[in-house]
Each structure stands twice: as C-alpha cells, then as structure tokens.
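A.B. asks: What would the 3D arrangement of this be:
(one chain, ligands or ions: 1)
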Amino acid sequence: MSANLTHVEVLLEKLAQYLVEEHDLRKSLLKVRVIHCSGEDKRNDTDPRGFCHVQSDEWNIYCAAQLEFMPDPVTVGLLLHEIGHIYIPALKGPESEVDVDAWILETVPESDYYYIPDATYLRHLGKSGNLVRAKNLQSVSMRFVRRIMEHGRA
Ligand SMILES: [Zn+2]
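C.D. replies: Sure, this is the predicted structure:
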C-alpha cells in the first residue's frame, strides 16, 4: 500500500520550479517525482536519518512515509540533497555525498543548507509513535521554505 505524500509532493514541485526559474537549472528537473517506498520505511525504522534514495538518473525520489510528517525545512533539505544526487549526477560512494553537499552550497547558497547536529522527531509509523533522535539531518532555513512557496505568486 502506498502512503500519502501529498505535502512532500507540493514542496518538491515548488522547489523544482524555483531551481529551474531562479537558477536556470535544466528543465528536465521538473520531471522529478516522489514515490513511496516500503523499503525506505524499514530503513527509517533502524536509521532515523534515512528517508530517501534515488536510482541512476531517473527523476524519481523513493521516500519513507515518515517524510510527510517532518518539518518543512527538513523535508526541503532532504529533497534538495536527493535532487543533487540526480542532477550532478553523483550516485555512488561516500564521495558522492560530499559532491552533492558542495553542489548545493555553490548553487543554492540562499537555502542556508546545513546539517542539524541532533534532531528529534515523532515517528508516525509502527506501533509506538515514539520520539526518535536523528544525528545530522539535512535541513534548509524556514526563510528558504517561505521563498520557494511564495515563488511565482503574483
Ligand atoms: Zn546522499
């Protein structure tokens, strides 16, 4: 069964439009989609900072259902990171993580992209709804979230 990722879809669409229109990135980026992935649900259970993965250069981001419940700056930070993997592309090995983060800092400095050293969030899946701690969670600023949401509005 696929989970509801409606809010993630809205944020991703706004982010992609912003990147293409404000930073002149390739229009193929507008094809990017989120797809619920039960494998990512399982991974998120054991790795609280694991939410998404991408494959080769298809414009799909496979996500855990939990992403729908994360604060907007975290969701946008994670999506921006996954977009970087596809866009560069940088898909394999620890070097690719460094390359993706460097690309974001260079290309979208106004995102205020950073890693939250020690975050806690409520898990909405599974039996407990327990609080979990995630080290080094990608994030952007709330200011940047507002910027992409207001982008293109008259
Ligand atoms: Zn990554």
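
A.B. asks: Please make it C-alpha for all contacts and neighbour counts, starting now.
C.D. replies: Will do.

A.B. asks: Pull the helix or strand bottoming out on mean pLDDT in the chain out as PDB, backbone CA atoms only.
C.D. replies: Here the helix or strand of the chain ranked lowest by mean pLDDT, DSSP states H and E is helix 38-46, holding a mean of 93. Taking Å, rounded to 0.1, in the frame of the first residue of the first chain, the C-alpha atoms of helix 38-46 are listed here in PDB:
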ATOM      1  CA  SER A  38       8.300   0.500   1.800                       C
ATOM      2  CA  GLY A  39      12.000  -0.400   1.800                       C
ATOM      3  CA  GLU A  40      12.700   3.100   3.000                       C
ATOM      4  CA  ASP A  41      10.000   2.700   5.700                       C
ATOM      5  CA  LYS A  42      12.000  -0.200   7.000                       C
ATOM      6  CA  ARG A  43      15.300   1.600   6.700                       C
ATOM      7  CA  ASN A  44      13.900   4.700   8.500                       C
ATOM      8  CA  ASP A  45      12.900   2.300  11.400                       C
ATOM      9  CA  THR A  46      16.600   1.500  12.000                       C
END
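
A.B. asks: Only the buried residues of that helix, if you could.
C.D. replies: For helix 38-46, the buried set under the neighbour-count rule, 16 or more other Cα atoms under 10 Å, comprises 38, 40, 41, 44, 45.

A.B. asks: Distance-wise, check the most centrally placed residue in the chain relative to residue 62.
C.D. replies: The C-alpha lying nearest the average C-alpha coordinate of the chain belongs to residue 79 (Cα atoms, centre = their mean; 1.9 Å). Distance of residue 79 to residue 62, computed by Cα to Cα, to the nearest Å: 10 Å.

A.B. asks: Next: residue 83.
C.D. replies: 12 Å.
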